[in-house]
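> next comes the sequence, and after it the predicted model I'd like to discuss.
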Amino acid sequence: MVEHRSPKPGVGGSIPLTPARLNLLVMIQSFRKYISDVIIEARKISWLSKKDTLTTTVSVFIIVSIFACFFLLIDLFISNFINYILNI
């Protein structure tokens, strides 16, 4: 019989006789560290001013409206062209 050995003898879970253990304390500590790191990174966020936000929002709506009109015209043109060809 072949004996299966773990690449790291101190680590459980590689052999069915020694299943991996769920270490609750380590999980809680790592979760707390993750939350504290998220809070630290969230404090680094720099927000735009109200004026800048309003300006960029209005410009996006204008550009989207222009493109919507453009594609509407292209769609109408292609639709009429195809209907003209099919009715000949």
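Sure, I can see it.
> select the longest helix from this structure.
helix 50-86 (DSSP state H).
> tell me how far it lies from the chain's centre.
Distance, stretch centre to chain centre, for helix 50-86: 27 Å (C-alpha atoms, centre = their mean, to the nearest Å).
> pull out the CA atoms of the helix or strand encompassing residue 41 and give them to me as CSV.
According to DSSP states H and E, residue 41 maps onto helix 24-43. Extracted in CSV, the C-alpha atoms of helix 24-43 (Å, rounded to 0.1, in the frame of the first residue of the first chain):
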residue,chain,number,x,y,z
LEU,A,24,-13.4,29.8,14.9
LEU,A,25,-11.0,32.2,16.7
VAL,A,26,-8.8,32.6,13.6
MET,A,27,-11.9,33.3,11.5
ILE,A,28,-13.2,35.9,13.9
GLN,A,29,-9.8,37.7,14.0
SER,A,30,-9.4,37.7,10.3
PHE,A,31,-13.0,39.0,9.9
ARG,A,32,-12.2,41.8,12.3
LYS,A,33,-9.0,42.7,10.5
TYR,A,34,-11.0,42.7,7.2
ILE,A,35,-13.6,45.1,8.6
SER,A,36,-11.0,47.4,10.1
ASP,A,37,-9.1,47.5,6.7
VAL,A,38,-12.4,48.3,5.0
ILE,A,39,-13.0,51.2,7.4
ILE,A,40,-9.4,52.5,6.9
GLU,A,41,-9.8,52.4,3.1
ALA,A,42,-13.3,54.0,3.3
ARG,A,43,-11.8,57.0,5.1
